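Enquirer: Just need the structure, nothing else, for what follows:
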Amino acid sequence: MPRILQPREMRKCLGCFSCMNACAVINHKNHSLIKSAIRVKTTGGMEGSFIAIVCLGCKDPACMEKCPGHALEKRTGGGVLLKEEKCIGCRKCEASCIVHAVNFDEERKKPIICHHCGVCARFCPHECLLMIETKDGAEHA
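Expert: Got it, this is the predicted structure:
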């Protein structure tokens, strides 16, 4: 059964960015955190709590609908997969994501799309991120 990523225990997050680093290194062969498909941000400085901005795995993804090059295709279980050869770098997918989970690689001029591989969850030392089983994708969006 397909799985999607969900932040579940963010109250335990210390902001170590291990999840972002793992995504960037393993999926994009780059040690820069801006190459990650996941974003961890603070809600009030280092004393505040942290949130994870992740792809929701939408059943009807707005990012895919807005892509004029048809570079985004539905992923089994929710969300999308990027077909880089079709991407024209217009950034319409980025602008249409309701939670701002589509990041953009300025060097490659391509979006950074989460494909729900779970590497970020595996490298989180406090189990703040979980992979959950899904049939048809998230019910929202």
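
Enquirer: Could you give the separation of stretch 79-89 from the chain centroid?
Expert: The chain centre lies 14 Å from the centre of stretch 79-89; the measure is CA atoms, centre = their mean, to the nearest Å.

Enquirer: Next, the contact list for K35, please.
Expert: With contact set as CB atoms under 8 Å, 6 or more residues apart in numbering, K35 has these partners: 23-24, 28, 105, 112. The way it works is simple: take the backbone N, C-alpha and C, and place the C-beta from them, glycine included.

Enquirer: out of these, which are inside helices?
Expert: Among the contacts of K35, the members found in helices (DSSP state H) are 23-24, 28.

Enquirer: and of the residues you listed, the nearest to A101?
Expert: Each of those was checked against A101 using CB to CB; the closest is C23, at 12.2 Å.

Enquirer: Not including adjacent chain positions, what is the nearest residue to that closest one?
Expert: Setting aside the residues directly before and after it, C23 is nearest to S36 in space (CB to CB, 6 or more residues apart in numbering), at 4.2 Å.

Enquirer: Help me confirm that that neighbour comes into contact with A101.
Expert: No: here S36 does not reach A101: they are 11.1 Å apart, not a contact under CB atoms under 8 Å.

Enquirer: Flag every buried residue along stretch 88-96.
Expert: Across stretch 88-96, burial judged by 16 or more other CB atoms under 10 Å covers 92-94, 96.

Enquirer: swap that for stretch 31-47, please
Expert: 35-40.

Enquirer: Reformat those residues as JSON lines; add pLDDT.
Expert: Output for the buried residues of stretch 31-47, formatted as JSON lines (pLDDT from 0 to 100):
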{"residue": "K35", "pLDDT": "97"}
{"residue": "S36", "pLDDT": "98"}
{"residue": "A37", "pLDDT": "97"}
{"residue": "I38", "pLDDT": "97"}
{"residue": "R39", "pLDDT": "97"}
{"residue": "V40", "pLDDT": "96"}
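
Enquirer: Perfect, I'm done here.
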